[in-house]
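A.B. asks: Below is the structure, and that's it, no one-letter string:
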C-alpha cells in the first residue's frame, strides 16, 4: 500500500510506492515482451472503466479504439480508508486517490502526435469524461492528467498512453499558484492568464501558433528548453467543461505543436500535463486551464534540486521562433 | 549575459543562460578530447582563484592538488551591475552572482569517493575557504556548494569537481524552509534538525552510519531512492564554521557513505548539495547545515513536474538497511 509522507522541514509531500519498482519496462532490449496496452492483450491490464468501440463489442476484448483502466502499479489507491499519523515530526497518511491509465490507441503507436486529428479528439473526449466522472466525487479535491512520452521522460511503457490522478488534497505548489492568481485578481480585477495571453498575442515574440480558440506559446520563464504552454484564449477555468466546438481546434493546436517540437528538437522525450481548476473556493470560476509540454532534453542537476531554481539554456524567444518557423 | 526571470503565476525564478549550451561534453564518444580540468591543461580554464600546492609552484601551472576557478560558462556573473525590469507581469533581472568550479584532483579521477580520506579533507577545506571568502561579501545572501556526479546527474565533464554559487537573493524554497524552521522553534523551543537527529539516532531504522560528530541517514520523506542526508549531530548553523577536529570525521562519513551507495546502487549518478545557513535574520544561528546526496536512478516525470510531489519506489527504511548492511 503506497504511503504519503510529509517532510516537516520543507513541507514537501512524497509518495512512497514500493510496488512501482515492479513495473514492466519495455524500452530497449525488453521491447520483445508482449505489450499490455495492445489490442488482444486486454487480460494483461485491470478491467476497463471506459472504452470507445465502433460496434457493440464485448468489454475487455478487441474492437476498441481507446480504453481506460486502473493503473496496475498505482501510486494512489481508492479502495482504502484515509488514515493519518502525525507525531509532530513524522507525518504520514495512506496514499488514497485514483490512478488510471488512458490507453490512447489499440495499435502499438508510440507518440500521440502520430494519431489522426479525429483520434486526438477521441483522446480529449476520454480525458473530459473521466475528469467529469471524478469531479463529481466529493472525496477528491485535485484532478490532473499527465503523459510521459519517451523513456527519458519517465515512461515505463512506450505504447501511447496518459494517466489520470485524483487526490484528496491539493499539492502545495498548486495552492501557492492559486493564491498568486487570487492576489493578482484582487489587485487588478483580471485573470493573470487572460492578461498574459493578451500581452503575448500582441507581442508575438513567444507565440508558436494560434487559432480562434487556442494559443501555443513558450512561457516567458520556461524551466525547460522548448517548453510549451497551450491555453484557451477565452477565460476557461475547467478543462472538462470544454465545449464541443473547442475539441477540433484544440486537437489541431496540439497536433501542430507536437509536430513542430518533434521536427525542431528531434523527437524529444517530454512530459505533458493538463492543469484544470482544483476544487478550492478561491479557484472556483477563476482558474484558467492550460496544458504544459515540458521537453526533457537535459536533466535537472544539483543546482536545481538544491535551490528549486531551474537553468534553461534556450531562451523562450529563440525556442518560439524555431518552432514557429518549422516547416511541418 | 544570463538573465533571471520570474514566473508571475508560480512565483518561480528561472535562469536563462544561453551560453551554457556551448559547454563541452566529455562523456561517451567525446572522451578523447583533452580534459580542461587535468593537470597540464590549466590554460583551458579561467585563472585560478585558489589552489593548493605542495611546493611553491607557479599559479595556473602543474603542481597543484586542488584548484578553484571561475566557471567558464557561468549561470551567474559578478562583473555586472544589478538591473531589474518589471512591467507587472514580466519580471526579470540580470543574473548577478558568483559561479566557481572546485577541481578536486589533478588526475582524471571521476568520483570523489575514490579519493583518499586526506584528499577529501582538502576538498572540504577548499569549500570552507571559498564559502568564507564569499560570506564576507555583502552582495551575496545565499551560498551553495553542489556536485553533479555522472552524466545522468547533469555533469558535463566527468573529471571530479564541484561548484559554488553565491546569489544576491535567497531562493523561494530556502526561504520557505527557514520559515518552517522558525515556526517549529517558536512552538517547541528546539531546532527541528536537532530534534529529528535525536529521534533518528534513537530509532536507528533510517540510520546508515554514525560517529561521534556526524550521522548519515535516509530522510523519512526522501524524494529520491537511496537519498542520503549527512548532518552534524551537534547544532551547527554554518558549514564553513566547521571545526578543525570535525574535518576528518566528516571526510570519514562522506567516504564511507559514498562507498556504501556505490556498492548497493551500482555506482549511481547522484547530485550532492551542501546547505549552509543563508544570510537571513531568522536563520542566524538557527540553521543546521546538512549535505544532501540525491541518487538519480529514475527521472522525475509528468506527475512530479506537474504537481511538485515526488514518487519514490524505495522506502527509506529499506534503503537505509541495504546501505547499513553493505560490506564495504
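C.D. replies: That came through fine. Since the model is a prediction, treat every value here as computed from it, not as a measurement.
A.B. asks: Please make it C-alpha for all contacts and neighbour counts, starting now.
C.D. replies: OK.
A.B. asks: need the contact list for residue A:277.
C.D. replies: By Cα atoms under 8 Å, 6 or more residues apart in numbering or on different chains, the residues touching residue A:277 are A:142, A:237, A:238, A:239, A:283, A:284, A:287, A:288, A:289.
A.B. asks: can you confirm residue A:15 is in a strand?
C.D. replies: Yes. Applying DSSP: H, G, I helix; E, B strand; the rest coil, one finds residue A:15 inside a strand.
A.B. asks: list the contacts for it?
C.D. replies: Contacts of residue A:15 by Cα under 8 Å, 6+ apart are A:2, A:3, A:4, A:5, A:75, A:95, B:309, B:310, B:311, B:312.
A.B. asks: Kindly indicate the member of those residues with the most neighbours.
C.D. replies: Counting neighbours by other Cα atoms under 10 Å in any protein chain shown, residue A:95 comes out on top of the contacts of residue A:15 with 27 neighbours.
A.B. asks: Let me see the contact set for that residue.
C.D. replies: A:1, A:2, A:3, A:4, A:15, A:75, A:76, A:77, A:82.
A.B. asks: With residue A:320 instead?
C.D. replies: A:205, A:206, A:207, A:208, A:217, A:218, A:226.
A.B. asks: before we move on, the earlier item: with respect to chain B, which of the contacts of residue A:95 is nearest?
C.D. replies: residue A:15 (4.6 Å; Cα to the nearest Cα).
A.B. asks: can you tell me how far residue A:160 sits from residue A:230?
C.D. replies: According to Cα to Cα, to the nearest Å, residue A:160 and residue A:230 sit 20 Å apart.
A.B. asks: cool, and residue A:220?
C.D. replies: Note on residue A:220: its distance to residue A:230, by Cα to Cα, is 13 Å.
A.B. asks: pLDDT score for residue A:31?
C.D. replies: Residue A:31 carries a pLDDT value of 58.
A.B. asks: In chain A, where is pLDDT below threshold?
C.D. replies: A:25-32 (pLDDT under 70).
A.B. asks: Kindly list the longest helix within chain A.
C.D. replies: helix A:244-264 (DSSP state H).
A.B. asks: can you tell me how far residue A:105 sits from chain B?
C.D. replies: 20 Å (Cα to the nearest Cα, to the nearest Å).
A.B. asks: is chain B contacted by the helix or strand harbouring residue A:120?
C.D. replies: Element membership for residue A:120, per DSSP states H and E: helix A:117-135. No. Helix A:117-135 is not in contact with chain B by Cα under 8 Å from any Cα of the partner chain; minimum separation 15.6 Å.
A.B. asks: now for stretch A:95-105, what's the gap between its first and last residues?
C.D. replies: This stretch, stretch A:95-105, spans 29 Å end to end (Cα to Cα).
A.B. asks: can you pull up the bridge partners for the residue lying closest to residue A:223 once chain neighbours are set aside?
C.D. replies: With Cα to Cα, 6 or more residues apart in numbering or on different chains as the measure, residue A:310 is the residue that lies nearest to residue A:223, at 5.5 Å, once sequence neighbours are left out. Beta-bridge partners of residue A:310, counted by DSSP bridges, are residue B:14.
A.B. asks: Quick check on the residue nearest to residue A:214 when sequence neighbours are not counted: phi, psi?
C.D. replies: Counting by Cα to Cα, 6+ apart, residue A:214 lies nearest to residue A:232, which is 4.5 Å off, once chain neighbours are set aside. For residue A:232, the backbone dihedrals are phi -70, psi 140 (criterion: degrees, to the nearest 10).
A.B. asks: how about residue A:232, what does it touch?
C.D. replies: A:213, A:214, A:215, A:289, A:290.
A.B. asks: which residues touch stretch A:57-65?
C.D. replies: A:39-40, A:42-43, A:47-48, A:51-55, A:104-106.
A.B. asks: list the helices and strands the helix or strand in which residue A:147 is found packs on?
C.D. replies: Under the criterion DSSP H and E, the helix or strand holding residue A:147 is strand A:142-149. For strand A:142-149, the elements it packs on are helix A:117-135, strand A:161-167, strand A:270-275, helix B:302-307, judged by 3 or more Cα pairs under 8 Å, 6 or more residues apart in numbering or on different chains; DSSP states H and E.
A.B. asks: by how many degrees do the helix or strand that the third one is followed by and strand A:270-275 diverge?
C.D. replies: Next in sequence after strand A:270-275, counting helices and strands by DSSP H and E, comes strand A:290-295. Direction vectors for strand A:290-295 and strand A:270-275, defined by axes from the mean of the first three to the mean of the last three Cα atoms, to 10 degrees, enclose an angle of 170 degrees.
A.B. asks: Partner strands of strand A:290-295 and their direction?
C.D. replies: In the sheet, strand A:290-295 lines up with strand A:228-232 (antiparallel), strand A:270-275 (antiparallel) (DSSP bridges).
A.B. asks: now the angle between strand A:142-149 and that strand, please.
C.D. replies: Using the same axes, to 10 degrees: strand A:290-295 against strand A:142-149 is 30 degrees.
A.B. asks: Nearest residue to residue A:291 in space, please, no chain neighbours.
C.D. replies: Closest residue to residue A:291 apart from its sequence neighbours, by Cα to Cα, 6+ apart: residue A:274 at 4.5 Å.
A.B. asks: you'd agree that neighbour is up against residue A:143?
C.D. replies: No. Counting by Cα atoms under 8 Å, residue A:274 sits too far from residue A:143 to count as a contact (9.1 Å).
A.B. asks: re the thing from before, buried residues of the helix holding residue A:120, list them for me.
C.D. replies: A:117, A:119-128, A:130-132, A:134-135 (16 or more other Cα atoms under 10 Å in any protein chain shown).
A.B. asks: who are the neighbours in contact with residue A:51?
C.D. replies: Going by Cα under 8 Å, 6+ apart, residue A:51 touches A:59, A:64, A:65, A:66, A:67, A:68.
A.B. asks: Centroid-wise, who is the farthest residue in chain A?
C.D. replies: residue A:87 (34.3 Å; Cα atoms, centre = their mean).
A.B. asks: Which of the strands paired with strand A:290-295 sits closest to residue A:168?
C.D. replies: For the strands paired with strand A:290-295, the distance to residue A:168 is smallest for strand A:270-275, at 16.1 Å, taking Cα to Cα.
A.B. asks: Spell out which residues of the stretch 1-150 of chain A are next to chain B.
C.D. replies: Where the stretch 1-150 of chain A comes near chain B, counting by Cα under 8 Å from any Cα, the residues are A:5-21, A:75, A:89-90, A:146-148.
A.B. asks: Pull out the buried residues from those.
C.D. replies: For these, a burial check counting by 16+ other Cα under 10 Å picks out A:5-10, A:12-18, A:20, A:75, A:89, A:146-148.
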